[in-house]
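Participant: got a sequence here, can you model it:
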Amino acid sequence: FPSHDIRTQGFQNDGISVTNTDYFEFQLSANAGYSMSLSSIDARFDGTSTFYAASGVTMQFAYSTNGTAFTLLGSPLVTTNSGSISAVDLSGVSELQNLAPATTVTFRYYASGQTPTGGWGFQSSVAGQYGLSVGGAVVSVSAPAITSSLTASATEGQAFSYTITSSGGAATYAASPLPSGL
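Facilitator: Next comes the predicted model:
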């Protein structure tokens, strides 16, 4: 394997299930004040031939927004060669759209191969090419709507004054005296 791989050993030949304890895990979260929407997971794989030999490697991603309840994404992919590529569309997964600020999404990658000792993992054949990437957007959460109130007072022959209060603070403005006879 080239030096820019993430290689995992210990995936079992036990099928794909969120109850399995053999997985690769990573987490994503946006900073406070930002919302996150995820669109895709793209991955390139490689491994030892003893792991992907016929009948191949079965693999699938799962996600959780609470760190404990995981949901498998799509259908399992089966491959019988190294250099496999997987693309998972996340744009239709409503739970992964417009996530509240600081929400952590945990992803797990499950693989089931032919031997428990074979190596399998994310691979990039050249520097600068990602073995694993997640697409999406992080946007600033909009400021709350401005609430304002107006207090006005006037006395004949005196200056008209008013105060505007908003979520951004308060300001007081003065106008010309009101004309007599109003």
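
Participant: quick check: buried residues in stretch 125-143?
Facilitator: 131-132, 134, 136 (16 or more other CB atoms under 10 Å). Placement of C-beta: from N, CA and C, glycine included.

Participant: same check on stretch 92-107?
Facilitator: 93, 96-97, 99, 105-107.

Participant: now for these, which pair is the farthest apart?
Facilitator: Q97 and T106 (16.6 Å; CB to CB).

Participant: biggest strand in the protein by residues?
Facilitator: strand 34-47 (DSSP state E).

Participant: sorry, back to before: reformat the buried residues of stretch 125-143 as TSV; add pLDDT, distance to L77 and secondary structure.
Facilitator: Output for those, formatted as TSV (pLDDT from 0 to 100; distance: CB to CB, whole Å; DSSP: H, G, I helix; E, B strand; the rest coil):
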residue	pLDDT	distance to L77	secondary structure
G131	83	16	coil
L132	86	14	strand
V134	92	17	strand
G136	94	21	strand
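
Participant: which among the residues you listed gets closest to D14?
Facilitator: Among the buried residues of stretch 125-143, and counting by CB to CB, the member closest to D14 is L132, at 22.5 Å.

Participant: among the buried residues of stretch 92-107, which are in helices?
Facilitator: Using DSSP state H, no member of the buried residues of stretch 92-107 falls in helices.

Participant: could you point out which of these is nearest to G119?
Facilitator: After measuring those against G119 - CB to CB - the closest member comes out as F107, at 20.4 Å.

Participant: can you check the pLDDT for S176?
Facilitator: Here, the pLDDT recorded for S176 equals 44.

Participant: how many neighbours does G83 have?
Facilitator: Close neighbours of G83, defined as other CB atoms under 10 Å, add up to 12.

Participant: shouldn't it be in contact with R44?
Facilitator: Yes - taking contacts as CB atoms under 8 Å, G83 lies within contact range of R44: 7.2 Å.
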